[in-house]
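>>> Please find the sequence and the predicted model below.
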Amino acid sequence: MLENPAAALTIFVLAIFVGFEVIAKVPPLLHTPLMSGSNAISGITIVGALLAAGHEDATISTALGFVAIVFAMINVVGGFLVTDRMLGMFKKKKKPERA
Amino acid sequence: MNNQLVQFAYLASAVLFIVGMRNLSSPKTAPRGNLIASFGMLVAVLATLAMSEVVSYWTILAGVIVGSGIGTVLAVRIQMTAMPQMVALLNGFGGGASALVATAELLSYVRRGVEPVGVVPIAIVLGLLIGALTFTGSLIAFAKLQELMKGAPMVYPGQQVVNAVLVLAAVALGYLVVTQPFELMPYYGLALLSLVLGVLFVIPIGGADMPVVISLLNSYSGLAACATGFVLGNAGLVISGSLVGASGIILTKIMCDAMNRSLANVLFSGFGAVDQTAVAGAVETRTAKGYTPDDAAVIFMNARSCIVVPGYGMAVAQAQHAVRELSDLLQSKGISVKFAIHPVAGRMPGHMNVLLAEADVPYEQLIEMDEINPEFPETDVALVIGANDVVNPDARTDKGSPIYGMPILDVDRAQHVFVIKRSMNPGFAGVQNPLFFNDNTMMVFGDAKGTVLKIAEAIKNLS
């Protein structure tokens, strides 16, 4: 799909612009969740890790792939969970019961 | 599954990421946005597992279980005040994963005896360089924020020259890798050098500049993922990675603008280290007036309005709940309470908002700088809790000050200013704050949490 470097670059540049457009709308209030959430998305590199670890024969690549999966999963799972936890705090609450 | 179909699945997940991030623009839709984005990730993972290349599932299963386990424990255990170091750490793992993927791909090319062509070798080099740099850079940022190492900038003579030489060496090694991908020595050299560069880039940057560093590392982790997308010829990865890259770049720019400093100045000037000696030389002749929490309570009893200005000191003292209690108490006395949030207050973008949200302060009460500044002259009390440089009037008036030109919160224009501070030590920028010596300023010395609680207690006793 990305054999053609020009096509790849086109996708890259357009995606950067989409990113600018989308993120510029996020208010400062939510900058921390934005950061941890986008952080989790950068864990998309898990795709590469799965491919590296899933090869038929066990090689050094498989071992690197395994470590990469662990790293990427920490990034993905940790990122999305902690973002969810934070966003839960921004929800409208009834008058808190704390004294 | 047909690999063409898999590519469509990646496209779907990229779209889900975009829709998810769009939903982050309002607190009401944001939780849904995060859910949509995580669903996008699930789609990408499942599609990859369905690819014909993936045949051995045990390694994958083990990796997924270990990684998810660690990620879950981190996410559930972490305290909200420690969120900056958490984000730094997660960034680091993302970058590290990308560097490992780039390496695994190169080794796989070598094993198959197929030479990588087109953009692939360049992407491998960039994936390794950015990924490894992000990994160690984030670990150093984590160590600084977690106070495992000193937060102060570490500078030494010739630092810039050393870094420049190392960057040139990295470029040279990168060139060797691209031209002779089967010679692995330059590659391993580059790997080592990238790890070292990550450390060297972050050590000269001081604690209060961390919002910039974290935003930048966030951007890098996205760009590293993007590079692996080019390596694998995977458009979904390229799109998702560049989204994150763009988000990090925007946040970096917002943070730099909020300090009126260029990115180069933040990264290379060792800001906050050089000024210390100059300040030590100047003898402070003015004295700040110290007051007790009871004095503060008396003023509050006659006030109608209050603006709270939180800073990193509130996070350090874990004072957010105490602050909320004081705010509730004041409101029950008919005093209006707002919170003024400076963009770089704390150690990461939006740090104060998260802490106050944790303490159940309604987000409608949190007001951004430009919006709240005109309100200070009509405000009876400005309560500064653990903030310093972001309320320093010198930034407006003193051209010689290192922070001149930085947008600040105009607390000095309020009728009364209370500053809760542990001591008279200067802030991160190493400059004295004339606010503390103003006639309308009352310094209340002490730990943020204890002092806020004492003020609340004193108000209760008075009424």
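Yep, it's here. Numbering: from 1, shown residues only, chains lettered A, B, ... in the order given.
>>> which regions of the stretch 51-200 of chain B lie under the pLDDT threshold?
Filtered on pLDDT under 70, the stretch 51-200 of chain B yields no residues whatsoever.
>>> Helices of that one, start to end?
B:57-77, B:83-112, B:120-145, B:159-179, B:184-202 (DSSP state H, counting those that start in this stretch).
>>> Would you mind giving those helices as TSV with mean neighbour count and distance to B:Gly151 added?
C-beta: built from backbone N, CA, C; applies to glycine. Formatted as TSV, the helices of the stretch 51-200 of chain B follow (neighbours: other Cβ atoms under 10 Å in any protein chain shown; distance: least, Cβ to Cβ, whole Å):
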stretch	mean neighbour count	distance to B:Gly151
helix B:57-77	17	22
helix B:83-112	27	11
helix B:120-145	26	5
helix B:159-179	15	18
helix B:184-202	19	11
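>>> so which of these comes closest to chain A?
Minimum separation from chain A across those (Cβ to the nearest Cβ) falls at helix B:57-77, 2.5 Å.
>>> tell me the mean pLDDT for the lengthiest helix in chain A?
Criterion DSSP state H: the longest helix present in chain A is helix A:60-89. For helix A:60-89, the mean pLDDT works out to 93.
>>> Which neighbouring elements make contact with that helix?
Here helix A:60-89 touches helix A:31-41, helix A:46-53, helix B:30-49, helix B:57-77, helix B:83-112, helix B:351-358, going by 3 or more Cβ pairs under 8 Å, 6 or more residues apart in numbering or on different chains; DSSP states H and E.
>>> Distance to B:Leu148 added to these, as CSV?
As requested, the helices and strands packed on helix A:60-89 are exported to CSV (distance: least, Cβ to Cβ, whole Å):
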stretch, distance to B:Leu148
helix A:31-41, 21
helix A:46-53, 28
helix B:30-49, 29
helix B:57-77, 16
helix B:83-112, 9
helix B:351-358, 19
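>>> B:Ala345 is nearest to which of the ones you listed?
Closest approach to B:Ala345 among the helices and strands packed on helix A:60-89 is made by helix B:351-358 (4.8 Å; Cβ to Cβ).
>>> check whether the closest one contacts chain A.
Yes: interface with chain A: helix B:351-358 contributes B:His351, B:Asn353, B:Val354, B:Ala357, B:Glu358 (Cβ under 8 Å from any Cβ of the partner chain).
>>> burial count for the closest residue to B:Gly229 other than its chain neighbours?
Spatial nearest neighbour of B:Gly229, chain neighbours left out: B:Leu237 (3.0 Å); criterion: Cβ to Cβ, 6 or more residues apart in numbering or on different chains. The number of residues packed around B:Leu237, counting by other Cβ atoms under 10 Å in any protein chain shown, is 29.
>>> The helix or strand containing B:Leu237 to helix A:31-41, inter-axis angle?
Taking DSSP states H and E as the definition, one finds B:Leu237 inside helix B:235-259. Angle between the axes of helix B:235-259 and helix A:31-41 is 150 degrees (criterion: axes from the mean of the first three to the mean of the last three Cα atoms, to 10 degrees).
>>> list the buried ones in helix B:235-259?
B:235-252, B:254-256, B:258-259 (16 or more other Cβ atoms under 10 Å in any protein chain shown).
>>> mind checking how far it is from the chain centre?
Remark: helix B:235-259 is offset 13 Å from the chain centroid, using Cα atoms, centre = their mean, to the nearest Å.
>>> How about the contacts made by the spatially most central residue of chain A?
Centroid check for chain A by Cα atoms, centre = their mean gives A:Ile41 as the closest residue, at 1.3 Å. Contacts for A:Ile41 were tallied using Cβ atoms under 8 Å, 6 or more residues apart in numbering or on different chains; they are A:Gly79, B:Phe17, B:Met21, B:Ala37, B:Gly40, B:Met41, B:Gly222, B:Ser240, B:Leu243, B:Val244.
>>> B:Ser269: which of the helices of the stretch 51-200 of chain B is closest?
Nearest of these (Cβ to Cβ): helix B:159-179, 9.8 Å.
>>> In terms of secondary structure, what does that closest one contact?
Applying 3+ Cβ pairs under 8 Å, 6+ apart, we find helix B:159-179 packed against helix B:120-145, helix B:184-202.
>>> Can you name every helix or strand that the shortest one contacts?
Applying 3+ Cβ pairs under 8 Å, 6+ apart, one finds that helix B:184-202 makes contact with helix B:83-112, helix B:120-145, helix B:159-179.
>>> cutoff 6 Å now
helix B:120-145, helix B:159-179 (3 or more Cβ pairs under 6 Å, 6 or more residues apart in numbering or on different chains; DSSP states H and E).
>>> if we can go back for a sec, distance of the residue nearest to the centre of chain A from B:Val64?
18 Å (Cβ to Cβ, to the nearest Å).
>>> can you redo the residues of helix B:351-358 next to chain A as TSV with neighbour count and pLDDT?
TSV is the format used below for the residues of helix B:351-358 next to chain A (neighbours: other Cβ atoms under 10 Å in any protein chain shown; pLDDT from 0 to 100):
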residue	neighbour count	pLDDT
B:His351	28	90
B:Asn353	29	93
B:Val354	28	92
B:Ala357	27	92
B:Glu358	20	91
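>>> Taking the stretch 151-300 of chain B, what residue is nearest to chain A?
B:Ala246 (2.6 Å).
>>> Could you pull up the contacting residues of that residue?
Contact analysis of B:Ala246 by Cβ atoms under 6 Å, 6 or more residues apart in numbering or on different chains lists A:Ile16, A:Gly19, A:Phe20.
>>> Show the pLDDT at the closest residue to it other than its chain neighbours.
Among residues not flanking B:Ala246 along the chain, A:Gly19 sits closest, at 2.6 Å (Cβ to Cβ, 6+ apart). Looking at A:Gly19, its pLDDT stands at 90.
>>> Equivalent analysis for the one 4 residues further on, please.
According to the prediction, A:Ile23 has pLDDT 89.
>>> how many neighbours does it have?
A:Ile23, neighbours per other Cβ under 10 Å, totals 24.
>>> Quick check, it in contact with B:Gly248.
No: taking contacts as Cβ atoms under 6 Å, A:Ile23 lies outside contact range of B:Gly248: 9.1 Å.
>>> what does stretch B:179-192 rub up against?
B:Val110, B:Pro116, B:Pro121, B:Leu128, B:Ala132, B:Leu173, B:Leu176, B:Val177.
>>> burial count for the second one?
The number of residues packed near B:Pro116 is 20, by other Cβ under 10 Å.
>>> quick one: B:Val337 is in a helix?
No: under DSSP: H, G, I helix; E, B strand; the rest coil, B:Val337 sits outside any helix and is assigned strand.
>>> Could you report the distance from it to B:Pro27?
19 Å.
>>> With just CA atoms, put the strand or helix carrying B:Ala340 into PDB.
Assigned by DSSP H and E, B:Ala340 falls within strand B:336-341. Provided in PDB are the C-alpha atoms of strand B:336-341 (Å, rounded to 0.1, in the frame of the first residue of the first chain):
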ATOM      1  CA  SER B 336     -17.800  34.000  45.000                       C
ATOM      2  CA  VAL B 337     -14.800  31.700  44.300                       C
ATOM      3  CA  LYS B 338     -13.000  31.200  41.000                       C
ATOM      4  CA  PHE B 339      -9.800  29.400  40.100                       C
ATOM      5  CA  ALA B 340      -7.300  31.100  37.800                       C
ATOM      6  CA  ILE B 341      -5.400  28.500  35.800                       C
END
